[in-house]
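Asks: requesting a structural model of the entry that follows:
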Amino acid sequence: MIKAIENRQRHLPIHIVIYCRTGHGCSKVMLRISSKDKARNNIEGAEDRKMESTLKHLRDGESVLDLSPTSAVSGGVVDVYGEDRATEDQLVTPWTFSVASGYSLLRDPQYNKGLAFSEKERDAHYLRGLLPPTVTTQQLQENKMMNTIRQYQLPLQKYMAMMELEERNERLFYKLLVDNVEELLPIVYTPTVGEACQKYGSIFKRPQGLYISLKEKGKILEVLKNWPERSIQVIVVTDGERILGLGDLGCQGMGIPVGKLALYTALGGVRPSACLPITIDVGTNNMKLLNDEFYIGLRQKRATGKEYYELLHEFMTAVKQNYGEKVLIQFEDFANHNAFELLAKYGTTHLVFNDDIQGTASVVLSGVVAALKLIGGTLAEHTFLFLGAGEAGTGIAELIALEMSKRTKAPIEESRKKIWLVDSKGLLVSSRKNSLQHFKKPWAHEHAPVNSLLEAVKVIKPTVLIGSSGAGRTFTKEVVEAMASNNDKPLIMALSNPTSQAECTAEEAYQWSEGRAIFASGSPFDPVEYKGKVYASGQANNAYIFPGFGLGLIISGAIRVHDEMLLAASEALAKQVSEENYKNGLIYPPFSNIRKISANIAANVAAKAYELGLATHLPRPQNLVKYAESCMYTPVYRNYR
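Replies: Below you'll find the model as predicted:
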């Protein structure tokens, strides 16, 4: 059967979906042909490809816009258990589904409402006697739970209370998180999630995602089928090698995918049942964990090289086969040497996104764009200096360069010359090029060697200083004072997480700059009073970007991530900063409006997906913001028959 979908917008390609019935079930292939003999791809597409990042040369020049037959839309959940292909003498499992009721209903976190079950529901679902006689409201339950959480002294205790709530009453968990996002975000995400990962073996009670270890090599597809939900839209996966600024936490890195996906739901409105946290366990080089009796992962040194990449390739292939082309796979906290390789390798065949490289870059670019109203000038008129040249630093630098090129129409090579990076050995300069990793080489400019950050600030005279080093207190008093002496309003962004790893605190930035700095950080800081004035700093938190970004990919049916989508997300976030925010020195909007912010980001990202011909949800909705809002999960209780 051939189904042609005509896109009536003048410049967009026609999509043809072909369904082929074979002896192995039904497969689907999508071809893209241009409405004007590929004229747009050849002319406008050339401009799009020019805007792609340094990852393009790692793909031998292949663009995410080049959809080959081998990477066409395919896969998905079809005849998962093989019943259709089984012969008469083969054994199959008689799967059945039944309505949850009674004791089982109270133990099902997806449907449990606790004391909020009505009298009618208690009769209909055999709950009489299983609950006290009081019937309460969800709002009262929320008030009670928040009161309980606020009584805990330690953040980790609050984290555990939230996780326990999620395990027994999913909707109440998300109601709390949505209604109290500014208070609870640091609990379920950074910085508390870092401590939770360090102690995950001790606090582990029940699995919250899938654990795929070297033991499962050769049968990963079967492992994916063990997960009870079938319609997965977002997977967050980590191998635990570089958790926040804490290093190799192995299997205990699971706290990160769990936390990220909680935010996908609370902040981006993606259904909880469509989210799947995964940890790839290839061992750990953390000897403390290997000797810890409570460690829950493989007790071996990390697998590397061929063994590692074969396992990852099997995983990526199995995900696409089981969940289809449009499932978003978010790489999280992979070490530099693997992060770029995986993003480059699978960027043209899968819908992949690396939050540490691309998400961080997008949220920081947004802060920089918003800050231009406070510090003045255009993006191209500023000079940037980074401390840290890993995946976060180079990812941010590349996206800033792309935005600069987009605004000035200059080649990206020219834009990169406005951006300088310092690593552990000093300034990246051309004389060091032969010893640099591939992702650092584009940033090695002509200059005499510079050994320290302070010296780099003095000779480069940057207007913007960005820290992504993972090393705490590296923006010293001398460094901040040097920035303040060169600029009336220096933009200082200390992005490393958790709080202990921040390059400087908000208080230090304001005091050492005599209150002139525009400051933002990766972890939250309390407002600072300096000389009678209160300064509220912004938080360059990835949670601003990735939930809305993922929602935009989902509602458009995008099949690839292009750099221009990241720019679209940054621009949408920057537009959400109000004049009132600017008056308070903020370059990010308050998190209290995050669902509205996410809807606007989703709409911008989806619009770019349609423009690039990477969207499959046709026809395009007329009002993408309203459509995004209509697709968002809301955690209010439902009434049962």
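Asks: can you pull out the helices in the stretch 451-600 of the chain?
Replies: In the stretch 451-600 of the chain, the helices defined using DSSP state H, counting those that start in this stretch lie at 453-460, 477-486, 506-512, 546-556, 563-574, 579-583, 594-612.
Asks: need the winner for burial among those.
Replies: When you average the neighbours per residue for each of the helices of the stretch 451-600 of the chain (mean count of other CB atoms under 10 Å), helix 546-556 leads with a mean of 29. Every residue, glycine included, has its C-beta placed from N, CA and C.
Asks: what's the burial count for residue 127?
Replies: 19 (other CB atoms under 10 Å).
Asks: that one belongs to a helix?
Replies: No: using DSSP: H, G, I helix; E, B strand; the rest coil, the assignment for residue 127 is coil, not a helix.
Asks: if we can go back for a sec, out of the helices of the stretch 451-600 of the chain, which gets nearest to residue 399?
Replies: Nearest of the helices of the stretch 451-600 of the chain to residue 399, taken as CB to CB: helix 563-574 at 6.0 Å.
Asks: average pLDDT across the closest one?
Replies: Taken as a whole, helix 563-574 carries a mean pLDDT of 96.
Asks: same question, stretch 625-640
Replies: Mean predicted confidence for stretch 625-640 is 95.
Asks: ok, now stretch 492-511?
Replies: 92.
Asks: swap in stretch 267-281?
Replies: So the average pLDDT for stretch 267-281 ends up being 96.
Asks: tell me how far it is from the chain's mean position?
Replies: Its chain's average C-alpha position is 11 Å from that of stretch 267-281, according to CA atoms, centre = their mean, to the nearest Å.
Asks: what about that stretch, start to end distance?
Replies: 28 Å (CA to CA, to the nearest Å).
Asks: heads up, I number from 23, so please use that
Replies: Understood, numbering begins at 23; the last thing we discussed is stretch 289-303.
Asks: can you lay out the helices of the stretch 473-622 of the chain as CSV showing distance to residue 431?
Replies: Below are the helices of the stretch 473-622 of the chain laid out as CSV (distance: least, CB to CB, whole Å):
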stretch, distance to residue 431
helix 475-482, 25
helix 499-508, 29
helix 528-534, 35
helix 568-578, 26
helix 585-596, 14
helix 601-605, 28
helix 616-634, 18
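Asks: which one of those lies nearest to residue 212?
Replies: Residue 212 sits nearest to helix 568-578 of all these, at 12.9 Å, using CB to CB.
Asks: which strands and helices sit next to the closest one?
Replies: Counting contacts by 3 or more CB pairs under 8 Å, 6 or more residues apart in numbering; DSSP states H and E, helix 568-578 packs against helix 277-288, strand 350-353, strand 374-376, helix 585-596, helix 616-634, helix 646-653.
Asks: nearest to residue 565 among the ones you listed would be which one?
Replies: Going by CB to CB, the one of the helices and strands packed on helix 568-578 nearest residue 565 is helix 277-288, 5.2 Å.
Asks: same question for stretch 216-232, mean pLDDT?
Replies: When pLDDT is averaged over stretch 216-232, the result is 88.
Asks: actually stretch 600-609, not the one I wrote
Replies: On average, stretch 600-609 scores 92.
Asks: who's in contact with that stretch?
Replies: 389, 392-393, 395-396, 540-542, 557-560, 599, 610-612 (CB atoms under 8 Å, 6 or more residues apart in numbering).
Asks: thinking again about what came up before, indicate which one of the helices of the stretch 473-622 of the chain is closest to residue 87.
Replies: Per CB to CB, nearest to residue 87 of the helices of the stretch 473-622 of the chain: helix 616-634, 6.4 Å.
Asks: distance from the chain centre to the closest one, please.
Replies: 15 Å.
Asks: just the CA trace of that helix, in CSV.
Replies: Taking Å, rounded to 0.1, in the frame of the first residue of the first chain, the C-alpha atoms of helix 616-634 are listed here in CSV:
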residue,chain,number,x,y,z
ILE,A,616,8.6,26.9,32.7
ARG,A,617,5.7,25.1,31.0
LYS,A,618,4.8,28.2,29.0
ILE,A,619,8.5,28.6,28.1
SER,A,620,8.7,24.9,27.1
ALA,A,621,5.6,25.3,24.8
ASN,A,622,7.2,28.2,23.1
ILE,A,623,10.5,26.4,22.7
ALA,A,624,8.7,23.3,21.3
ALA,A,625,6.9,25.5,18.8
ASN,A,626,10.1,27.1,17.6
VAL,A,627,11.9,23.8,17.3
ALA,A,628,8.9,22.1,15.5
ALA,A,629,8.7,25.1,13.1
LYS,A,630,12.4,24.6,12.2
ALA,A,631,11.9,20.8,11.7
TYR,A,632,9.1,21.6,9.2
GLU,A,633,11.2,24.2,7.5
LEU,A,634,14.1,21.8,7.1
